[in-house]
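Undergrad: Mind looking at a prediction? Sequence and model below.
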Amino acid sequence: MKQDIQMDNVTLADLRPEQQGEIVKIETEDGVFKRRMQSLGVVSGTAVTLDRSAPLGDPRIYSLMGYSLGLRNAEARQIRIRVK
């Protein structure tokens, strides 16, 4: 039986294939990373899905706003989402 993430407010790195999430916030003290993510559309309310992963699971490719975004898991752990 497939288990779904039931928690609200998990990280983007926890998203599984075929699940959709909504960005809640970026949790980092790195201002450069936060501004870069915001300029790419990673802002509160944006829908995001996991497209694919590298063979060993890092990095991963996410779809949002009509484009694909590649992130390492360490970066994805800084982005809080709500699983839909």
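TA: Received it, and whenever you're ready, just let me know what you need.
Undergrad: And the pLDDT at the residue nearest in space to the middle of the chain?
TA: With distances taken as CA atoms, centre = their mean, the chain has Leu12 as the residue nearest its mean C-alpha position (3.1 Å). pLDDT for Leu12: 95.
Undergrad: can you check the one 10 residues further on too?
TA: Predicted confidence (pLDDT) at Glu22: the value is 95.
Undergrad: For Asp51, see how far away it is.
TA: To Asp51, Glu22 is 16 Å away according to CB to CB, to the nearest Å. From N, CA and C alone the C-beta is placed, and that goes for glycine too.
Undergrad: can you give me the helices for the protein?
TA: Under the criterion DSSP state H, helices of the chain are mapped to 31-39, 73-76.
Undergrad: Format these as a markdown table; extra columns: distance to Pro59, mean pLDDT and mean neighbour count.
TA: Converted to a markdown table, the helices of the chain look like this (distance: least, CB to CB, whole Å; pLDDT from 0 to 100; neighbours: other CB atoms under 10 Å):
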| stretch | distance to Pro59 | mean pLDDT | mean neighbour count |
| --- | --- | --- | --- |
| helix 31-39 | 14 | 95 | 12 |
| helix 73-76 | 7 | 96 | 17 |
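Undergrad: any chance of these in JSON lines, with distance to Gly45 too?
TA: Shown next, in JSON lines, are the helices of the chain (distance: least, CB to CB, whole Å):
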{"stretch": "helix 31-39", "distance to Gly45": "12"}
{"stretch": "helix 73-76", "distance to Gly45": "18"}
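Undergrad: Please identify which of those helices is closest to Gly57.
TA: helix 73-76 (7.2 Å; CB to CB).
Undergrad: So which other helices or strands are in contact with that closest one?
TA: Where contact means 3 or more CB pairs under 8 Å, 6 or more residues apart in numbering; DSSP states H and E, helix 73-76 is packed against strand 60-64.
Undergrad: Show me what the strand it packs on packs onto, helices and strands only.
TA: Using 3+ CB pairs under 8 Å, 6+ apart: strand 60-64 touches strand 47-53, strand 67-71, helix 73-76.
Undergrad: Report the angle between it and strand 67-71.
TA: Interaxial angle, strand 60-64 versus strand 67-71 (axes from the mean of the first three to the mean of the last three CA atoms, to 10 degrees): 150 degrees.
Undergrad: If anything else comes up later, I'll come back, but that's it for now.
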